[in-house]
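Undergrad: Give me coordinates for this.
(one chain, ligands or ions: 1)
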Amino acid sequence: MAVFSLTVGIFSGLCILSTALLRWNQVRHRKKRLPPGTMGWPVLGETNEFLKQGPAFMRNKRTRHGSFFKSHIFGCPTIISMDPELNRYILVNESKGLVPGYPQSMLDILGKCNIAAVHGGTHKYMRGALLALISPTMIKDQLLPKIDDFMRSHISKWDNKIIDIQQKTKEMAFLSSLRQIASVESVSISQEFMPDFFKLVLGTLSLPINLPNTNYYLSIQARKNITILLRKLVEERIASGETHHDMLDYLIYSEKNKYKLNDEEMIDLIITILYSGYETVSTTSMMAIKYLHDHPKALEKLRKEHAEIRKKKRPEDPIDYDDYKSMCFTRAVIYETSRLAAIVNGILRKTTKDMEINGYVIPKGWRIYVYTRENNYDPCLYADPHAFNPWRWLEKGLENQNYSFIFGGGTRQCPGKEFGLAEISTFLHYFVTRYKWEEVGGNKLMKFPRVEAPNGLHIRVSTQ
Ligand code: HEM
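TA: As a prediction, this is how the structure comes out:
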């Protein structure tokens, strides 16, 4: 009886304490003119609920509080915006004080000169330096020939094999970018570089706890190794006196490039290029293969587009810039894949001062999560939104989608868009013209918190 009374007592005490803590946290944040919403537990906020429920968490909150509400996730008071118009407003107004709000772990690992970490004039300069490397002229003359050569060899030995297309597209995205950075050295350094790079990626979305064996710790170590490797690469390239028409050349030899970067900026820019184009390009490519497999009509139309291009060429002829630009249906397939798979869930900003948005006052230092995922499935923006329908992009005009944030928006809109599209399009070109494929059963796909196949996405490939 005494034990029973004690248990009831402890249980009641915990209930009262929990209610008091939740209430206290709510009252603490009840400043005037904040958007509606709940803040959850002190420190922990509602992170656990968000990670457990995934996209349903956001949808439930929207039902209760509308499309602009407050919460507390990943250690920060956060405003979640699910309204397409407001999302656009937030993305185009960096100059009013809405700067990138990526987690500290990401900034520590990608370096203090990486584009997402810098603002104002420094951002403009670093972005200019990057754009000079991946401009349309560079894509046409320098990047596309290398992409073509790489993709041919990357997919060349897949006939009659069962492959994990997730693994292959990850390697593809990393190695293709590495080839652009250091054309001749990429083959010899890739084996040493790749494991460290994969560790680095894992740590960018981890808690910044620097204890042995945490993802964050391993990622920081991986960054150190990568920095040593890149410094050596630069020194050896300079010492050799050779020129190779690759990104390293443009970064080292300032007469080729009006943007002059010091060693630290150069290394952070190289890591940014590898990192930014890695998960986006690999996952979009994998999901395009998945959707094309499941939608034979779209695959047939895509094959036709690429067969037309091949018809005009000898087998050894590479695809050129005009070919790439003519791939309208391919581009529509890539956009539709990014939309439906929600490769990018959202974009993070933070306020640099108290700011009035949508009639509310958002305090300085709060995060704003421009949560674009649900816009992708909004029936007012996309008819029958859960269907894979690349044709919808051709009907409206490929670039005429005001509320599509697949590549972000405003001054931070993805500078690597055309480079990434050229890589995915070239991969699809060689893959669909050479092979047919079927899925080997048992592949599981997760769409949240990131799009991935936890056990791989296995397909049986054979020559057409
Ligand atoms: C399908 C492929 C890609 C997708 C879906 C994608 C998506 C995005 C999105 C949504 C943003 C906006 C982030 C923000 O506003 O905070 C962004 C920015 C960025 N992307 Fe991409 N990206 C892709 C490929 C690439 C590639 C290949 C590169 C390589 C150079 C790249 C480099 C960057 C950089 C450096 C930024 C930051 C720009 C800035 O802050 O000014 N992206 N990307």
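Undergrad: what's the neighbour count on the residue of the stretch 351-464 of the chain found nearest the ligand?
TA: Closest to the ligand within the stretch 351-464 of the chain is G416: 2.2 Å, counting by C-beta to the nearest ligand atom. For glycine as for every other residue, the C-beta is placed from the backbone atoms N, C-alpha and C. When counting by other C-beta atoms under 10 Å, one arrives at 21 neighbours for G416.
Undergrad: Please verify my assumption that it contacts T272.
TA: No - at 9.4 Å, G416 does not count as touching T272 under the criterion of C-beta atoms under 8 Å.
Undergrad: Please enumerate the shared neighbours of the two.
TA: Residues within reach of G416 and of T272 at once, by C-beta atoms under 8 Å, 6 or more residues apart in numbering, are L130.
Undergrad: List, one by one, the residues from the stretch 101-250 of the chain near the ligand.
TA: When proximity is defined as C-beta under 6 Å from any ligand atom, the stretch 101-250 of the chain approaches the ligand at I115, A116, R127, L130, I134.
Undergrad: Give me the spatial nearest neighbour of the residue of the stretch 351-464 of the chain closest to the ligand, chain neighbours excluded.
TA: Excluding its sequence neighbours, the residue lying closest to G416 (C-beta to C-beta, 6 or more residues apart in numbering) is G277, at 5.4 Å.
Undergrad: and the one you found, how many neighbours does it have?
TA: Applying other C-beta under 10 Å, we find 21 other residues in the vicinity of G277.
Undergrad: one step back: filter the residues of the stretch 101-250 of the chain next to the ligand down to just the ones in strands.
TA: Using DSSP state E to define strands, no part of these is located there.
Undergrad: From those, which land in helices?
TA: In this view, those that belong to helices under DSSP state H are R127, L130.
Undergrad: Just give me the closest of the residues of the stretch 101-250 of the chain next to the ligand to I79.
TA: The closest of these to I79 turns out to be A116 (C-beta to C-beta; 19.2 Å).
Undergrad: any idea how far that closest one is from P315?
TA: Between A116 and P315 the distance, using C-beta to C-beta, to the nearest Å, works out to 42 Å.
Undergrad: more crowded one of these two?
TA: A116 (20 against 5).
Undergrad: residues contacting that one?
TA: P100, Y102, M106, L107, L110, T272 are the contacts of A116 under C-beta under 8 Å, 6+ apart.
Undergrad: check contacts around the residue of the stretch 351-464 of the chain closest to the ligand.
TA: L130, I134, I273, S276, G277.
Undergrad: May I see the residues you listed organised as CSV, with distance to V92 and pLDDT added?
TA: Listed next are those as CSV, based on distance: C-beta to C-beta, whole Å; pLDDT from 0 to 100:
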residue, distance to V92, pLDDT
L130, 20, 97
I134, 22, 97
I273, 25, 97
S276, 20, 96
G277, 24, 96
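Undergrad: any idea which of those residues is closest to H65?
TA: Nearest to H65 out of the contacts of G416 is S276 (C-beta to C-beta; 32.7 Å).
Undergrad: Looking at the closest residue to the ligand within the stretch 101-250 of the chain now. What's its pLDDT?
TA: Nearest residue of the stretch 101-250 of the chain to the ligand: I115, at 4.3 Å (C-beta to the nearest ligand atom). I115 is assigned 94 on the pLDDT scale.
Undergrad: List the residues that contact the closest residue to it other than its chain neighbours.
TA: Leaving aside its chain neighbours, I115 sits nearest to M126 (5.1 Å; criterion: C-beta to C-beta, 6+ apart). The contact partners of M126, by C-beta under 8 Å, 6+ apart, come to C113, N114, I115, V118, L261, E265, L269.
Undergrad: lowest-pLDDT helix or strand in the chain?
TA: Lowest mean confidence among the helices and strands of the chain (mean pLDDT, DSSP states H and E): helix 2-28, at a mean of 58.
Undergrad: hang on, the earlier thing: my read: the residue nearest to G416 touches E423, true?
TA: Yes - taking contacts as C-beta under 8 Å, G277 lies within contact range of E423: 7.4 Å.
Undergrad: who touches both of these two?
TA: Common neighbours of G277 and E423 (C-beta under 8 Å, 6+ apart) are A173.
Undergrad: All the helices of the stretch 351-464 of the chain, residue numbers only.
TA: Under the criterion DSSP state H, counting those that start in this stretch, the stretch 351-464 of the chain contains helices at 373-376, 391-396, 417-434.
Undergrad: What are the buried residues along the last one?
TA: By neighbour count, and taking 16 or more other C-beta atoms under 10 Å as the criterion, the buried residues in helix 417-434 are 418-432, 434.
Undergrad: same thing with stretch 161-177?
TA: For stretch 161-177, burial by neighbour count (16+ other C-beta under 10 Å) applies to 163-166, 168-170, 172-177.
Undergrad: Determine which residue lies closest to the centroid of the protein.
TA: T280 (4.2 Å; C-alpha atoms, centre = their mean).
Undergrad: State the helix or strand in which it lies.
TA: Taking DSSP states H and E as the criterion, T280 maps to helix 278-294.
Undergrad: Do any residues in that helix lie close to the ligand?
TA: Yes - for helix 278-294 and the ligand, the contact criterion (C-beta under 6 Å from any ligand atom) is met by T280, V281, T284.
Undergrad: tell me the contacts of V333?
TA: Counting by C-beta under 8 Å, 6+ apart, V333 makes contact with A288, Y291, L292, A298, L302, P390, L428.
Undergrad: Export stretch 184-199 to CSV, keeping only CA atoms.
TA: Presented in CSV, the C-alpha positions along stretch 184-199 are these (Å, rounded to 0.1, in the frame of the first residue of the first chain):
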residue,chain,number,x,y,z
VAL,A,184,44.5,14.9,-63.4
GLU,A,185,44.9,14.2,-59.7
SER,A,186,41.3,13.2,-59.0
VAL,A,187,41.9,9.5,-59.8
SER,A,188,44.9,9.2,-57.5
ILE,A,189,43.4,11.1,-54.5
SER,A,190,39.8,9.8,-54.7
GLN,A,191,40.3,6.7,-52.6
GLU,A,192,42.0,8.6,-49.8
PHE,A,193,39.5,11.5,-50.1
MET,A,194,36.2,9.7,-50.4
PRO,A,195,35.9,8.1,-46.9
ASP,A,196,36.8,11.4,-45.2
PHE,A,197,34.3,13.2,-47.4
PHE,A,198,31.5,10.9,-46.5
LYS,A,199,32.4,11.3,-42.8
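Undergrad: The residue of the stretch 101-250 of the chain closest to the ligand and R127 touch, don't they?
TA: Yes - using C-beta under 8 Å, I115 is in contact with R127, at 6.0 Å.
Undergrad: of those two, who's got more company?
TA: Between I115 and R127, counted using other C-beta under 10 Å, the more crowded position is I115 (21 against 16).
Undergrad: so can I have TSV of the helices of the stretch 351-464 of the chain showing mean pLDDT?
TA: Listed next are the helices of the stretch 351-464 of the chain as TSV, based on pLDDT from 0 to 100:
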stretch	mean pLDDT
helix 373-376	94
helix 391-396	92
helix 417-434	98
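Undergrad: check which helix or strand covers the closest residue in space to I226 that isn't next to it in sequence.
TA: Distance criterion C-beta to C-beta, 6+ apart; nearest residue to I226, sequence neighbours excluded, is D196 at 5.3 Å. Element membership for D196 (DSSP H and E) is helix 186-204.
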